[in-house]
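> sequence first, then the predicted structure, then my questions.
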Amino acid sequence: MLSSVPYEFMPMRPKTTDSRFRRADQATSEAPPLLDLLGRAQWLAAFDHRVRQQLPADLARGLMIANVRANALVVTTSHPALARRARMEQKRILEAANRFLPEPLKTLTVKVIPPATGIETSVAASPPSSVAIEHLRLAALALGDAEMAAAFASLSQKP
C-alpha cells in the first residue's frame, strides 16, 4: 500500500557528473517501476531511522523495519530473545511508528532472520582465456565511452 505512505522525509541523492551515476539516473528515469522501488527503499530506510530514534537504545539497536504494509509493521531481528521483547513492547513500537504515518498501524510482525555473514568464495578466479581477452580487446575498441573503453582494455591485459 505504497500510495498511503508519505514520502516527505525521503532522502534524495544529488545529481552528479560521474558517468556511472548518470547511467543509473538514466536507467531509473527510463524504468518507472525501478524508480518506485528505489523510492520505497529510501523511504523505508528513513522511516526505520526515525522510528528507532524513538525506541530505547538496546531495543533499537537489534531491530530493523523490513516493511510497512496495509496496517502492519514488519520488523526483523537476528536474536530470538530480542524478538520476544519486541513482541512484548508491541504497543511502544507501534506508537513510535504511528507518529510518522497518516494512518495508524495496528499490528506488529516480528521475524527472526539469521545473522548476516560474509560471503566466502573458495574458488579462486582463473585468468581469462585468450578468446575472452580478444573479445574484451575488441569490445574496448568498439565502445564510444572512453572511460568504459579503458576499463575493458585493462580487463583484456594478461595477468
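Perfect, I can see it now.

> helices and strands of the chain: which one bottoms out on pLDDT?
When each helix and strand of the chain is scored by mean pLDDT, DSSP states H and E, helix 19-30 comes last, with a mean of 58.

> next SSE downstream of that one?
helix 32-53 (DSSP states H and E).

> list the buried residues of that next one.
The neighbour-count check on helix 32-53 (16 or more other Cβ atoms under 10 Å) flags 40, 42-44, 46-48, 51-52 as buried. Where you see a C-beta, it was placed from the backbone N, CA and C, and this is true even at glycine.

> for those residues, give me a markdown table that also has pLDDT and distance to Val110.
Listed next are the buried residues of helix 32-53 as a markdown table, based on pLDDT from 0 to 100; distance: Cβ to Cβ, whole Å:
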| residue | pLDDT | distance to Val110 |
| --- | --- | --- |
| Arg40 | 89 | 21 |
| Gln42 | 92 | 24 |
| Trp43 | 91 | 21 |
| Leu44 | 93 | 16 |
| Ala46 | 93 | 21 |
| Phe47 | 94 | 17 |
| Asp48 | 95 | 14 |
| Val51 | 95 | 14 |
| Arg52 | 94 | 14 |
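
> tell me the one of the residues you listed nearest Ser154?
Of all the buried residues of helix 32-53, Gln42 has the smallest distance to Ser154: 33.2 Å, by Cβ to Cβ.

> poorly predicted segments of this protein, please.
1-31, 118-125, 156, 158-159 (pLDDT under 70).
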